[in-house]
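Student: only the shape, not the letters, is given here:
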């Protein structure tokens, strides 16, 4: 997060790691070791997992098949074509993302929230209505009335990591910053 023109990094470099906000402790295992992280649902990998779950449960009619051709792109294309299962996947993802955006809106009250990641950028227009509806259900009016949801203009999430490194080389790092970052600071 950038607040008042400054990068919010937190005490140990984990501020704004919203992908690892655990919303469902009984949910899928995340690569970080926690269960139910946002990233397990609101990502390309999450879209595949939801689609496979819905296909296995035969919840919706669909032209999608659980095979090597089932990709996040295929799910997006199917949703655009009106496939009920693919649309249900995106609706579920929008609900989760809306919960996350509502938390952010209440805690930080930002003017703008940038939705990034490859899938987030690709699915932005399809997710936005559901995210805004969930945000309206879960957040105080004043915390989100003027909030702008926008897709990231950056093609790589490596830009955020580069900003973090730059910040440590040009700003005072917190006391608990990793030694390798502090040691390389210019004098």
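Tutor: Received the coordinates, thanks. Worth saying up front: this structure is predicted, and the values here are computed from it rather than measured. Residues are numbered from 1 along each chain as shown.

Student: ends of stretch 28-44, how far apart?
Tutor: Taking Cα to Cα, to the nearest Å, the first and last residues of stretch 28-44 lie 14 Å apart.

Student: now do it: everything it contacts.
Tutor: 18-27, 45-46, 49-50, 71-72, 92-93, 96-97, 100, 117-120 (Cβ atoms under 8 Å, 6 or more residues apart in numbering). All C-beta atoms are positioned from the backbone trio N, CA, C, and that covers glycine.

Student: select the longest helix from this structure.
Tutor: Ranked by number of residues, the top helix in the chain under DSSP state H is helix 84-108.

Student: which other residues reach the helix or strand just after that one?
Tutor: Downstream of helix 84-108, the first helix or strand assigned by DSSP states H and E is strand 112-115. Outside strand 112-115, the residues that touch it by Cβ under 8 Å, 6+ apart are 97, 101, 104-105, 121, 124, 127, 147-152.

Student: can you point out the buried residues in strand 112-115?
Tutor: 113-115 (16 or more other Cβ atoms under 10 Å).

Student: SS state for residue 135?
Tutor: Three-state assignment for residue 135 (DSSP: H, G, I helix; E, B strand; the rest coil): helix.

Student: write a ChimeraX command that selects only the buried members of the contacts of strand 112-115.
Tutor: This is how ChimeraX selects the buried members of those, with burial counted by 16+ other Cβ under 10 Å:
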select :97,101,104,105,121,124,127,147,149,151,152
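
Student: now the contacts of strand 112-115 in TSV, with pLDDT?
Tutor: Formatted as TSV, the contacts of strand 112-115 follow (pLDDT from 0 to 100):
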residue	pLDDT
97	95
101	93
104	88
105	91
121	92
124	95
127	97
147	92
148	93
149	93
150	93
151	92
152	86
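
Student: what helices and strands are in contact with the longest helix of the chain?
Tutor: In terms of contacts (3 or more Cβ pairs under 8 Å, 6 or more residues apart in numbering; DSSP states H and E), helix 84-108 is packed against helix 44-57, helix 72-80, strand 112-115, helix 124-138, helix 141-144.

Student: the same query, at a cut-off of 6 Å, please.
Tutor: On a contact count with 3 or more Cβ pairs under 6 Å, 6 or more residues apart in numbering; DSSP states H and E, helix 84-108 meets helix 44-57, helix 72-80, helix 124-138, helix 141-144.

Student: now, among the buried residues of strand 112-115, which is nearest to residue 66?
Tutor: Using Cβ to Cβ, residue 115 is the member of the buried residues of strand 112-115 that lies nearest residue 66, at 27.2 Å.
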